[in-house]
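Visitor: Give me coordinates for this.
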Amino acid sequence: MLDMTGSKPIYIQIAEWIEADIIDGTLASDEKVYSHYQLAETFNLNPATSGQVWTLLYEAEIITTRLGLCMFVTPYCLNKLPWYQQ
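Guide: Residues are numbered from 1 along each chain as shown. The predicted structure is shown next:
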């Protein structure tokens, strides 16, 4: 799935994977997403790299945080995905 030898950074590849999961319905609106540590463990990454994934998606308003709970898919995020076609 991840191209470790390619020119695209790993954190961008993972962010695109999460976006694809949102588009295909694997991750639904308002659903809790993986933690930094779950993501790091799944892809055998440094937790700082998985943090870059969440920062990228948070700044794009694809995910949101809920104080004391975790990160969740933003309800209106499909409108924010530039490559999503309805």
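
Visitor: what about Q38, distance to P47?
Guide: Q38 is 10 Å from P47, where distance means Cβ to Cβ, to the nearest Å. Every residue, glycine included, has its C-beta placed from N, CA and C.

Visitor: can you give me the helices in this protein?
Guide: Assigned helices in the chain, in chain order: 10-23, 36-43, 47-59 (criterion: DSSP state H).

Visitor: Which one of those helices lies nearest to Y76?
Guide: Nearest to Y76 among the helices of the chain is helix 10-23; the distance by Cβ to Cβ comes to 11.4 Å.

Visitor: got a list of contacts for the closest one?
Guide: 1-4, 6, 27, 33, 39, 43, 45, 49-50, 52-53, 56-57, 62, 73, 77-78, 81, 83-84 (Cβ atoms under 8 Å, 6 or more residues apart in numbering).

Visitor: try it again with 6 Å
Guide: Outside of helix 10-23, the residues within contact range by Cβ atoms under 6 Å, 6 or more residues apart in numbering are 2, 27, 49, 52-53, 56-57, 73, 81, 84.
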